[in-house]
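Participant: Provided below are the primary sequence and the corresponding predicted coordinates.
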Amino acid sequence: MATTIRTRRIGIAAVAQFSGAGLQQVLKYLTNILIARGMGAAALGVYQLALTFWIAIQTALCGGFGRAIMRMVPHHMARDEKTRARGVVALGMNASWWLAVVLGAALYLTADFIAGALLHTPEAGPALEVLALALPLAALNNVVWALGRSLGSLRYVIYQFLLVPASFIIFIAAAVLYLTEPSAVHVAWAFLLSYALPLIAMAGYYRLLVRFSSVRLIAPVAGPFLAFAGATSLLSLAEFLCRNADVFILARFASAAEVGYYAMASRTATLCLMVTVSFDAFFAPAVSSLYSAGRIQELRGLFRRACGWILLAGAPLLAILITNASDILSLFGAAFLSAIPALLVIAASQLLNLGTGLVGVVLLMTGRQVLVLALNVAALIVNVALCWWLIPQYSLLGAAIGTAGAVVFLNLTLMLCGYAYLRLNPFSESYLRALAAALIAGAINYVFIVPLLRMGLPRLGASIACVAIVYGVVIALLGGLAELSAAVSALRGTIRPNDI
């Protein structure tokens, strides 16, 4: 019964997160389309380059504190140590805020140097200066979000996935409509405002979390918390660079417009990962709690079931991304079609990410953060080496091959370690069903739908409908309907007031 309740809870949280992530991606796409068509591919490339560097700093800062809260709060709550849990929250909020203020000031003062010497794009300097002002807001956002996930709250999804991106697109639209020559720095200002204004709406929720942390027993938890946060900060940075080193290296050898083309192809190819992230957000605290209570067998069962759900949900999305790459990239402009080969290579590598993406979460939440860090650093080295070798010869395609190689290397090594240490095994019959159904649905879409309609939104809509229908039918014919129904039933469970 406990396993069923826990699995249902994760399912409810995951579907809320996944729905929010889907809406967020739609808003992000509309925003990037506005930037590309209203300001040009070069402005989009400059902004994406500056934003990627900012996210690297923000990830290193916030990723460590956020993960430490998700690890330590459920750990202490499972042991009925609520006072220590409150101390963790207070320490995380204070430390992340002040460190973000310091790092933001440092980034502001060195923005021009970073843009010229590291990014090889001097025009990114003003955008970096504006983004530096957003670091403290991002730190506050991340810590409060991590606490909300640790306590099982879903309310924060509204802020993260709706208010922030909706505000961003409104400010971008205003810049395109009312400014004579909008540029990357105006996009950065819109980004800053989109973080700042929604915080007003979240003030009540923030006060609720502060009350939770009102008893500040910091000293006994400071050592373990800061040690875990430090290791996972390095891990978060390594993970991010492993996924984005291609953008930085490409900027050295290509134009700002080409960086814009590639950035949109890469972001599109990894859309399916929002499925993994949706489960990750609420799966991680559950892993920490189960492991701390010594319920390893239940942990393994939960892991296998969650992996099956991720592949069932992500495989058809991957089929659409591959078969309709031209329809998606054409939304940004005809020039973006040159990035189709890069999109296909990166998207193909994401299949392994869908099937084994939760292994790293389990290793991290069970205290093996140093191992996960070492494997991510190794994958980063693979990515940098391949990109440095291939980009001068193959440009965008070379960057995609480097990233895909690093993804395959990282997921295979994580899977081997997960089995060696915890006997984690994600594979089940649902894997073969999902892969076969996605392959058949994608093939039918590519053979019958794509050739009949002109490139653009109508064909994309028809393809999505085709893949969804064929995928569901094939799953049913292969005997997976009961499993799919059980997953959907758990995911669509009614969200009660105490779930919020």
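Facilitator: Perfect, thanks for sending it.

Participant: where does the stretch 351-500 of the chain have low pLDDT?
Facilitator: When residues are selected by pLDDT under 70, those of the stretch 351-500 of the chain lie in 480-500.

Participant: Report all helices and strands that the longest helix seen in the chain contacts.
Facilitator: Using DSSP state H, we find that the single longest helix of the chain is helix 369-422. Helix 369-422 sits against helix 219-253, helix 256-269, helix 296-323, helix 340-356, helix 359-365, with contacts defined as 3 or more CB pairs under 8 Å, 6 or more residues apart in numbering; DSSP states H and E. Glycine gets a C-beta too; all of them are placed from N, C-alpha and C.

Participant: could you give the mean pLDDT of the second one?
Facilitator: Helix 256-269 shows an average pLDDT of 91 in the prediction.

Participant: cool, the longest one as well?
Facilitator: Per-residue pLDDT over helix 219-253 has a mean of 81.

Participant: list the buried ones in it?
Facilitator: 221, 225-226, 228-229, 231-251, 253 (16 or more other CB atoms under 10 Å).

Participant: try stretch 366-375
Facilitator: 366, 368-369, 371-373, 375.

Participant: ok, now stretch 383-390?
Facilitator: Within stretch 383-390, the residues scored as buried using 16+ other CB under 10 Å are 383-384, 386-387, 390.

Participant: before we move on, what about stretch 296-316?
Facilitator: 298-300, 302-316.

Participant: Helices of the stretch 51-200 of the chain, start to end?
Facilitator: Secondary structure of the stretch 51-200 of the chain (DSSP state H, counting those that start in this stretch): helices located at 82-113, 125-132, 135-150, 156-158, 164-178, 184-196, 198-201.

Participant: Of all the ones you listed, which one is nearest Ala406?
Facilitator: Among the helices of the stretch 51-200 of the chain, the nearest to Ala406 by CB to CB is helix 135-150 (24.7 Å).

Participant: Centre of the chain to the longest helix of the chain, how far?
Facilitator: 17 Å (CA atoms, centre = their mean, to the nearest Å).

Participant: Helix or strand next in line after it, which one?
Facilitator: Going down the chain from helix 369-422, the next helix or strand is helix 429-444, by DSSP states H and E.

Participant: Give me the helices and strands touching that next one, please.
Facilitator: helix 296-323, helix 457-477.

Participant: Please compute how far the helix or strand just after the first one lies from its chain's middle.
Facilitator: Which is helix 296-323. Next in sequence after helix 296-323, counting helices and strands by DSSP H and E, comes helix 325-329. Averaging C-alpha positions (CA atoms, centre = their mean) puts helix 325-329 21 Å from its chain's average.

Participant: Mind pulling up the pLDDT for Gly333?
Facilitator: Gly333 carries a pLDDT value of 89.

Participant: Would you enumerate the residues in contact with it?
Facilitator: Applying CB atoms under 8 Å, 6 or more residues apart in numbering, we find Gly333 in contact with 36-37, 41.

Participant: That one and Ile35: what is the separation?
Facilitator: 11 Å (CB to CB, to the nearest Å).

Participant: what's the answer for Cys466, then?
Facilitator: 30 Å.

Participant: One more: Leu329?
Facilitator: Distance from Leu329 to Ile35, by CB to CB: 15 Å.

Participant: Same question for Ile440.
Facilitator: Taking CB to CB, one finds Ile440 at 37 Å from Ile35.

Participant: And His120, by the same measure?
Facilitator: From His120 to Ile35 the distance is 21 Å (CB to CB).

Participant: Likewise for Gly456?
Facilitator: Taken as CB to CB, the span from Gly456 to Ile35 is 19 Å.

Participant: Between these two, point out the one with more neighbours.
Facilitator: Ile35 (26 against 12; other CB atoms under 10 Å).

Participant: Tell me the secondary structure at that one.
Facilitator: With DSSP: H, G, I helix; E, B strand; the rest coil as the basis, Ile35 sits in helix.

Participant: if I pick the nearest residue to it once chain neighbours are set aside, what's in contact with it?
Facilitator: Distances taken as CB to CB, 6 or more residues apart in numbering place Leu44 nearest to Ile35, at 4.8 Å, with adjacent residues excluded. By CB under 8 Å, 6+ apart, Leu44 lies in contact with 32, 35-36, 184, 260, 263-264, 332.

Participant: out of the residues you listed, who has the most neighbours?
Facilitator: Neighbour max across those (other CB under 10 Å) = Gly260, 29 neighbours.

Participant: Just the element for the closest residue to that residue other than its chain neighbours, please.
Facilitator: Spatial nearest neighbour of Gly260, chain neighbours left out: Gly45 (3.2 Å); criterion: CB to CB, 6+ apart. Element membership for Gly45 (DSSP H and E) is helix 41-78.

Participant: got the angle between that helix and helix 369-422?
Facilitator: Using axes from the mean of the first three to the mean of the last three CA atoms, to 10 degrees, the direction of helix 41-78 lies 60 degrees away from that of helix 369-422.

Participant: residues of helix 41-78 that come out buried?
Facilitator: For helix 41-78, by 16+ other CB under 10 Å, it's 41-54, 56-78.

Participant: chain center to that helix, what's the gap?
Facilitator: 10 Å.

Participant: nearest residue to Leu414 other than its sequence neighbours?
Facilitator: With sequence-adjacent residues excluded and distances taken as CB to CB, 6+ apart, Leu414 is closest to Val359, at 4.6 Å.

Participant: Now for that neighbour, how many residues are close by?
Facilitator: 23.

Participant: Same check on Ile469?
Facilitator: Neighbour tally, Ile469, other CB under 10 Å: 12.

Participant: Flag the shaky bits of the stretch 1-150 of the chain, pLDDT-wise.
Facilitator: Applying pLDDT under 70 to the stretch 1-150 of the chain flags the ranges 1-22, 63, 74-78, 80-81, 145-150.

Participant: try 50
Facilitator: 1-12 (pLDDT under 50).

Participant: and Leu226, how far is that from Ala56?
Facilitator: Taking CB to CB, one finds Leu226 at 21 Å from Ala56.

Participant: ditto for Ala134
Facilitator: Relative to Ala56, and taking CB to CB, Ala134 is found at 14 Å.

Participant: Likewise for Leu133?
Facilitator: Distance from Leu133 to Ala56, by CB to CB: 17 Å.

Participant: Please apply the same query to Ser395.
Facilitator: 23 Å.

Participant: could I get the contacts of Gly333 as CSV with distance to Gly87?
Facilitator: Shown next, in CSV, are the contacts of Gly333 (distance: CB to CB, whole Å):
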residue, distance to Gly87
Ala36, 47
Arg37, 50
Ala41, 49
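
Participant: now, among the residues you listed, which is nearest to Cys272?
Facilitator: Distances from Cys272 to the contacts of Gly333, taken by CB to CB, are shortest for Ala36, at 22.1 Å.

Participant: what's the closest one in contact with, if anything?
Facilitator: Counted by CB under 8 Å, 6+ apart, Ala36 has contacts 44, 260, 264, 332-333, 336.

Participant: Just say helix, strand or coil for the closest residue to it other than its chain neighbours.
Facilitator: Closest residue to Ala36 apart from its sequence neighbours, by CB to CB, 6+ apart: Phe332 at 4.2 Å. Following three-state DSSP, we place Phe332 in the coil state.

Participant: Do I have it right that Phe332 meets Met264?
Facilitator: Yes: with contact defined as CB atoms under 8 Å, Phe332 reaches Met264; the gap is 5.5 Å.

Participant: which residues do these two both contact?
Facilitator: 32, 36, 44.

Participant: which among those residues gets closest to Leu354?
Facilitator: Proximity of those to Leu354 (CB to CB) peaks at Asn32, which lies at 23.5 Å.

Participant: element containing that closest one, please.
Facilitator: Per DSSP H and E, Asn32 falls inside helix 2-39.

Participant: can you put the buried residues of stretch 383-390 in a markdown table and add distance to Leu432?
Facilitator: Listed next are the buried residues of stretch 383-390 as a markdown table, based on distance: CB to CB, whole Å:
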| residue | distance to Leu432 |
| --- | --- |
| Asn383 | 30 |
| Val384 | 35 |
| Leu386 | 31 |
| Cys387 | 34 |
| Leu390 | 33 |
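
Participant: Understood, closing this out.
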